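**Student:** Any chance you could fold what I've pasted below:
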Amino acid sequence: MGLLGGEGFSLPVVSETEVVDVDLNFTESAIAALKQNMAGDEQSHVLIISAQSGGCSGYLYDMKIIEDPGNDGFQRIDIGGIEVLVHNKDSSMLSGINIDFKETLMGGGFQIVNPNADRACGCGQSFG
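**Tutor:** Numbering: from 1, shown residues only. Next up is the predicted model:
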């Protein structure tokens, strides 16, 4: 079967996403951990928080520090002197999230509580 004729071929469904003004809540321990991870790169780097498709509940949280990509499609929020970016496509899923940093015997890590999530997996890494 070839592509000519279009048999067995369908186009992906594209849906528009609602863009909302993002509000993020960081605890003092999360801000301190973020500043430690930035290690003086606050002027040239930003933290990007996004929702990636995957995980057992539908989406995975992704946080990474990268060189500032500019404002194209992102909302920029100042958190304790650090620029945090959330892409407009993720704004409705991530607005209102609470970000904390916890130290445990197994190591430390950021924890996200999302009031927009209908469901979450047991490990707390994915939501839907």
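
**Student:** tell me which element residue 31 is part of?
**Tutor:** Taking DSSP states H and E as the definition, residue 31 sits inside helix 28-38.

**Student:** same question, residue 60
**Tutor:** With DSSP H and E as the criterion, the answer for residue 60 is strand 59-67.

**Student:** right, and the helix or strand after that strand?
**Tutor:** On the C-terminal side of strand 59-67, the nearest following helix or strand under DSSP H and E is strand 74-79.

**Student:** Against which helices or strands is the next helix or strand after that next one packed?
**Tutor:** Heading C-terminal from strand 74-79, the first helix or strand you meet, by DSSP H and E, is strand 82-87. Counting contacts by 3 or more C-beta pairs under 8 Å, 6 or more residues apart in numbering; DSSP states H and E, strand 82-87 packs against helix 28-38, strand 45-53, strand 74-79. Quick note: C-beta positions are derived from backbone N, CA and C, even for glycine.

**Student:** Okay then, goodbye and thanks.
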